Each structure stands twice: as structure tokens, then as C-alpha cells.
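*Asks:* pasting the structure only:
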Ligand SMILES: Nc1nc2c(ncn2[C@@H]2O[C@H](COP(=O)(O)OP(=O)(O)OP(=O)(O)O)[C@@H](O)[C@H]2O)c(=O)[nH]1
């Protein structure tokens, strides 16, 4: 392998490494929700954030996400693939050296030891008997230990100055960045660089003049510095790329969350609506829309101020979250109007949930205030109705609830019942 082709393949391998990191991050959705939760908590403590607008919060997220991507590990199956690859490479070189009769004593002993080491690590990785990090570090130590000691041994005079083993030393840096977290990789890279220079100097100085020794060591030092600088540049580029990617998806998620109440905002609800309608059309999975409005909310603001009003909204949203299961979606449609989208439940179950919410609010203290009430209109999407019609139905029943005294739940059945009662009275 020549110096430049080794560098090229190193760069390529480092790229693969960071692709793996990005892939891992995508599979970690809880990170975003935790982040959003944390930021909403911050928002809560500082109501003036509202005046600053979303920009301040989003900038805060960007700042706080900027240190999250540097440590990442190879996926276990990729790691095991690389171990198999290393075993094959060592076995191939061993058999070539052996059959050509040029195998050195050092290598004749080291090749089987390294292969046995890789095989043991492979088995430990499969059986999950050791942590991935310790296996990565051990693999690095085997490879770096072999390459460095082999090169130093070959540079001892009696073994021949022109051994090609020094060419492989660049792999020490590649493997460090491939197997270890960035911070650890930096430390072992520096350690490996120093050991390589001192080891080769000590090996050569025993049999060669100072000038020649310094010349060879400087040559190795310059070549290795090129390796390290190039690798570091690629690592920085990929870390930046990963951070940007993370920031974008954080902002995308954030754009769906209402800052004050920590539930879906209108855009988030519309997204949920779209999926619910698709599932209804394609799989006949029914859903219901519970449109909820806090009664006389203007009086809360007028009497206690907007900050108390805000706290009522946030407490109410938290209560809705508590009363609903994960498959339901809770959102703030706007102002003091909220929505629960219930999936795959009978009309009776949806109505019971709405009643439960109404009764719980009656008994609860929200934003320090008692005796609040809500009105709910319920629309069911199970009679070949479109999303628009279902929403309109919920809206008109909410209007009916408001007009007929508030603090009640109205759905189609209630209207039919009312009509039947009036007909009987007549
Ligand atoms: N504190 C606070 N108030 C809000 C927010 N969004 C809307 N509001 C207020 O919510 C109130 C809604 O008032 P109305 O639409 O008249 O409704 P209401 O007083 O609840 O009366 P009914 O719905 O008929 O029972 C208005 O005073 C708005 O200013 C908010 O984010 N925070």
C-alpha cells in the first residue's frame, strides 16, 4: 500500500464511520422529545420568553445541541464485519509471507496472536459478554500495538532498515478514529505518534549515525502529521455536518410543538389529522375529534392577568396529557381551544373520555384557580365522513354546548336524544 492510497482509503473509512454515527442518531428519537421537554420547562420558568418570541428558544436549542455528536460508536454488526475483514487480511498476509519464505520471526509469532485476539473479540461481541467500548479499545490496542512494535522491530539493524512495515503505521490513526470516540481517539493518536517517533529513533540510533536516524524519524514524523491533519479535517467536517442535520430535525420537531403548553400546535395537529384521515380511508381505522374550549376564559385574563391565564392553559394541557393514552393526540388549536384526536375507539368510549375530561376539570385546580369548566363538541369519522365534515361536526356541537349553558359534552347522540325528548314532550 502506498502512502497516498492509504490516506485516501483512510478518508473513505472515516466517512463511513460518520455515516454510521448519523444513522445511529436517527434511531434515537427520544433525544428530541427529551430536548423539547427540557426547553419547555425552561420556557415555563421564564414567561418573558414569549415576548422574545420563538427565535430565542430555537437559538438556545441550537447552542445546546452543538456538543452532542462527538461521541459515537460503530454499530455491533459493522464492528464484527471489520473484525472478520481484519482476520482475513492478517491471514492473507501471513500465508503470502510464509509461502514466499520471507516471513520474519516477529511476524510469524504476531500474526496468529492477532488473529486469535480478533476471533476472541468477535465471539465476545456476539455473546455480548463485554461492553462494546472495551471491545473497540482492545481491538485498537491489538492493531496499534502490533503495527508499532512490528515497525520498530523491523527497523532494528539486523532485521533490515528497508522493511515496508512503516507504511502500515498510518492505520493506527485511522483505526483510532474508526473504533473510538473522538476525544479518546485524539489522546491515543497523540500517544501513538510519540511512541512511534521515540521507538523508531531508539531502534535506529543503536546501529546508524545520528544524521541518518534523524532523517528517517523526521520522514516518518512528517508523513504521520499529514495523516493526522487530514483525518482531523475530515472528522471536523463530518461532525459539523452531523450537528447541522441534528439541528434541522430538532427545529422541525419544535415547529410542531406549542411553546406554552408543550402539546402539538396547529401545524402538528394538521399533521396528525392527515395521518388519521389516510388510515380511515385506507384501513377503515376510525377516529374521533374532541374539540375543547375553556369556558369564560376571557374573564380569567381580565380578573387575574395574562400570566395566570397562561398558567391555566399550560396546566390544562398537562391534564389532557395525563387523561389520555399515548395513541391519542393532544393539541392546542389556538387560544383557549384544544383538540384530542382519539383513534380506533367506539363512539361510546370517545364520549366517555370527553365526559371524564370535563368532570376532572370541574374538580381540578388549574393555574391556582378552581371552578373552571370546559365545553366539548365531539365529531366521529365513522360514517363515511371526510375530515372536514368530522371537524365541522365537532365545531358545531361545541357551539351548541356553549349556547346551551357551557360545561357539557355534546355529540350527535346527545342531539338525537334531545330531539326525541322534545318530540315526546310535544
Ligand atoms: N393568557 C392567555 N390568553 C389567551 C391566549 N390566547 C388567547 N387568549 C385569550 O382567550 C380569550 C378567549 O376569549 P373568548 O373567545 O371571548 O372566549 P371565552 O371568554 O372563553 O368565552 P366562551 O368561550 O364563550 O366561554 C381572549 O381573552 C384571548 O385574549 C394565551 O395564549 N394566553
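*Replies:* Cool, the structure landed. This one's a predicted model, so the numbers in the text were calculated from it and none came from an experiment.
*Asks:* what's the pLDDT at the spatially closest residue to residue 351 that is not a sequence neighbour?
*Replies:* Spatial nearest neighbour of residue 351, chain neighbours left out: residue 411 (5.6 Å); criterion: CB to CB, 6 or more residues apart in numbering. From N, CA and C alone the C-beta is placed, and that goes for glycine too. Predicted confidence (pLDDT) for residue 411: 93.
*Asks:* residue contacts, residue 411?
*Replies:* Going by CB atoms under 8 Å, 6 or more residues apart in numbering, residue 411 touches 347, 350-351, 354, 377-380, 397.
*Asks:* next, count neighbours for residue 98.
*Replies:* Residues within reach of residue 98, counting by other CB atoms under 10 Å, total 13.
*Asks:* cool, residue 242 as well?
*Replies:* A count of nearby residues for residue 242, using other CB under 10 Å, gives 19.
*Asks:* how about the one 5 residues further on?
*Replies:* The number of residues packed near residue 247 is 16, by other CB under 10 Å.
*Asks:* all helices for the stretch 201-350 of the chain, in order.
*Replies:* Remark: helices assigned in the stretch 201-350 of the chain by DSSP state H, counting those that start in this stretch are 210-254, 266-283, 297-304, 306-323, 347-363.
*Asks:* in terms of mean pLDDT, which of the ones you listed ranks lowest?
*Replies:* Looking at these, the lowest mean pLDDT belongs to helix 210-254 (a mean of 86).
*Asks:* just want the angle from it to helix 266-283.
*Replies:* Relative orientation of helix 210-254 versus helix 266-283 (axes from the mean of the first three to the mean of the last three CA atoms, to 10 degrees): 80 degrees.
*Asks:* hang on, the earlier thing: would you mind measuring from the residue nearest to residue 351 to residue 215?
*Replies:* Taking CB to CB, to the nearest Å as the measure, residue 411 falls 90 Å from residue 215.
*Asks:* turn the helices of the stretch 201-350 of the chain into TSV, columns for distance to the ligand.
*Replies:* Listed next are the helices of the stretch 201-350 of the chain as TSV, based on distance: least, CB to the nearest ligand atom, whole Å:
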stretch	distance to the ligand
helix 210-254	18
helix 266-283	12
helix 297-304	3
helix 306-323	3
helix 347-363	13
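*Asks:* now do the phi/psi pair for residue 367.
*Replies:* Main-chain dihedrals, residue 367, degrees, to the nearest 10: phi 60, psi 30.
*Asks:* so what pLDDT did it get?
*Replies:* Reading off the model, residue 367 has pLDDT 95.
*Asks:* surely it and residue 305 touch.
*Replies:* No - contact status for residue 367 versus residue 305: not in contact, 10.5 Å apart, counting by CB atoms under 8 Å.
*Asks:* those two: which is more packed in?
*Replies:* Neighbour totals were compared for residue 367 and residue 305, and residue 367 leads with 17 against 11 (other CB under 10 Å).
*Asks:* can you pull the contacts of the more buried one?
*Replies:* The neighbours of residue 367, taking CB under 8 Å, 6+ apart as the test, are 300, 304, 308-315.
*Asks:* of those, keep whichever come out buried.
*Replies:* Among the contacts of residue 367, the ones that count as buried by 16 or more other CB atoms under 10 Å are 300, 308-315.
*Asks:* is it possible to get JSON lines of those residues that adds distance to residue 116?
*Replies:* Listed next are these as JSON lines, based on distance: CB to CB, whole Å:
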{"residue": "300", "distance to residue 116": "74"}
{"residue": "308", "distance to residue 116": "71"}
{"residue": "309", "distance to residue 116": "71"}
{"residue": "310", "distance to residue 116": "66"}
{"residue": "311", "distance to residue 116": "66"}
{"residue": "312", "distance to residue 116": "68"}
{"residue": "313", "distance to residue 116": "65"}
{"residue": "314", "distance to residue 116": "61"}
{"residue": "315", "distance to residue 116": "63"}
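*Asks:* between the residues you listed, which is closest to residue 253?
*Replies:* Among these, residue 314 lies closest to residue 253 (CB to CB), at 19.3 Å.
*Asks:* what comes up buried for the helix or strand hosting residue 421?
*Replies:* Per DSSP states H and E: residue 421 is located in helix 412-425. Neighbour counts over helix 412-425 (16+ other CB under 10 Å) mark residue 414 as buried.
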